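J.: for reference, the sequence and a predicted model appear below.
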Amino acid sequence: DTQDGRASGSCTLWVGVTDQLAWSVVTNIGAGSMKTNPCPKAQEVGEAMIAQLKGA
């Protein structure tokens, strides 16, 4: 993303699907142990979406 929001619980991950298509996965974690490290959850969702697309 253009801004680093990890310290406040925010992480934006862009996933390229084709040369002309991408989607974003945004996590906003307000409390708990993942608040200071939200990007692994965004990555987890991105990976699940890719797996789903490959199976379609």
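T.: Now that the structure is in, tell me what you want to look at.
J.: and the helix or strand in which residue 54 is found, what's buried?
T.: If you go by DSSP states H and E, residue 54 is part of helix 39-55. Neighbour counts using 16 or more other CB atoms under 10 Å place 39, 42, 46 of helix 39-55 among the buried residues. The C-beta positions use only the backbone N, C-alpha and C, and glycine is treated the same way.
J.: got it, and stretch 30-38?
T.: Under the neighbour-count criterion of 16+ other CB under 10 Å, stretch 30-38 has 35, 38 buried.
J.: how long is that stretch end to end?
T.: 10 Å (CA to CA, to the nearest Å).
J.: what pLDDT, on average, does that stretch get?
T.: Averaging pLDDT along stretch 30-38 gives 91.
J.: quick one: contacts of it?
T.: Identification of contacts with stretch 30-38 by CB atoms under 8 Å, 6 or more residues apart in numbering yields 6-7, 9-11, 27-29, 40-41.
J.: apart from its chain neighbours, what residue comes closest to residue 45?
T.: Nearest residue to residue 45, sequence neighbours excluded (CB to CB, 6 or more residues apart in numbering): residue 25, at 4.9 Å.
J.: surely the one you found is in contact with residue 39?
T.: No. Using CB atoms under 8 Å, residue 25 is not in contact with residue 39; the gap is 9.8 Å.
J.: what do those two both touch?
T.: residue 13.
J.: so what secondary structure elements neighbour the strand or helix carrying the residue nearest to residue 45?
T.: Using DSSP H and E, residue 25 sits within strand 22-28. Using 3 or more CB pairs under 8 Å, 6 or more residues apart in numbering; DSSP states H and E, the elements in contact with strand 22-28 are strand 10-16, helix 39-55.
J.: for those, give me a markdown table that also has distance to residue 2.
T.: Shown next, in a markdown table, are the helices and strands packed on strand 22-28 (distance: least, CB to CB, whole Å):
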| stretch | distance to residue 2 |
| --- | --- |
| strand 10-16 | 9 |
| helix 39-55 | 15 |
